[in-house]
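*Asks:* sequence unavailable; structure follows:
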């Protein structure tokens, strides 16, 4: 499996292109602010043809380039229905008043073809299989995408802003809930093998094993409901 990733735009949001190999069809995950140029460069470098855009959640730093990318290649975008409104109304997702400047060069709205994700959906795209897990907490419609387990390659979790190296997503924006995010960590992340590679929405890659050992939030949920609350920095828009 080929994974080409790069941080895009003012928020440094990780965008990923995933394909079985160079020269094949690919899936684009989270083309955010100013990601279009990086997407095109990665496709040219690896000779890729996109078949879909899939989104971990609706915040503008993850969806800002969806319209131009989908429009240029005639592909659909997949998003959870609870976050779909943010594609057309990003300010509501950030708790801002309509009409306040939001990096004025952004073109917001929905692409021509929007499809909705749900818990447990098995996406078959570009010759790849992804399992969708609904993981609310950062937003109501946050999801993760997980590749299948295989003997010769590690499983990969595209975690969006649920889990980062050493941290988790912020929960103080509309639709956020710290309690829901901890429940999502326990349900989605804890059962995974330590070797699972975590590719998150911001920052470097990590593994479930590294986070189980060192991430204070994952350690808290592993200890159970009676564990003392964790106070540590959180990330994401």
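*Replies:* Looks like it came in fine. Bear in mind that the values here come from a model prediction, so they are computed numbers and not experimental data.
*Asks:* how about the helices in this protein?
*Replies:* Counting by DSSP state H, the segments of the chain that form helices are 36-46, 60-63, 66-73, 85-88, 90-94, 178-184, 208-214, 216-223.
*Asks:* among those, which comes closest to residue 197?
*Replies:* Comparing the helices of the chain against residue 197 with C-beta to C-beta, the closest turns out to be helix 208-214 (8.3 Å). Every residue, glycine included, has its C-beta placed from N, CA and C.
*Asks:* roughly how far out does the closest one sit from the chain middle?
*Replies:* Mean-position distance between helix 208-214 and its chain equals 19 Å (C-alpha atoms, centre = their mean, to the nearest Å).
*Asks:* buried residues, stretch 63-82. List them.
*Replies:* Neighbour-count burial for stretch 63-82, with 16 or more other C-beta atoms under 10 Å as criterion, is recorded at 63-70, 73, 75, 77-80, 82.
*Asks:* pLDDT value on the closest residue to residue 49 other than its chain neighbours, please?
*Replies:* Beyond its immediate neighbours in the sequence, the residue positioned closest to residue 49 (C-beta to C-beta, 6 or more residues apart in numbering) is residue 25, lying 5.1 Å away. In the predicted model, residue 25 carries a pLDDT score of 98.
*Asks:* what residues are up against residue 25?
*Replies:* When contacts are counted by C-beta atoms under 8 Å, 6 or more residues apart in numbering, residue 25 is found next to 19, 48-51, 125-127.
*Asks:* make TSV out of the residues you listed and add pLDDT.
*Replies:* Rendered in TSV, the data for the contacts of residue 25 read as follows (pLDDT from 0 to 100):
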residue	pLDDT
19	97
48	98
49	97
50	98
51	98
125	97
126	96
127	94
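*Asks:* now residue 77. Nearest residue, chain neighbours left out?
*Replies:* Take residue 77 and drop its neighbours on the chain: the residue closest to it by C-beta to C-beta, 6+ apart is residue 53, 4.4 Å away.
*Asks:* and what of residue 213?
*Replies:* With C-beta to C-beta, 6+ apart, the residue lying closest to residue 213 is residue 219, at 7.9 Å.
*Asks:* ok, now residue 54?
*Replies:* Using C-beta to C-beta, 6+ apart and skipping the chain neighbours, the partner closest in space to residue 54 is residue 78 (4.5 Å).
*Asks:* list the contacts for that neighbour?
*Replies:* If a contact means C-beta under 8 Å, 6+ apart, then residue 78 has 52-55, 114-117, 123 as its contacts.
*Asks:* could you turn the buried ones of these into a PyMOL selection?
*Replies:* Selecting the buried subset of the contacts of residue 78 in PyMOL, with 16+ other C-beta under 10 Å as the burial test, is done by:
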select buried, resi 52+53+54+55+114+117+123
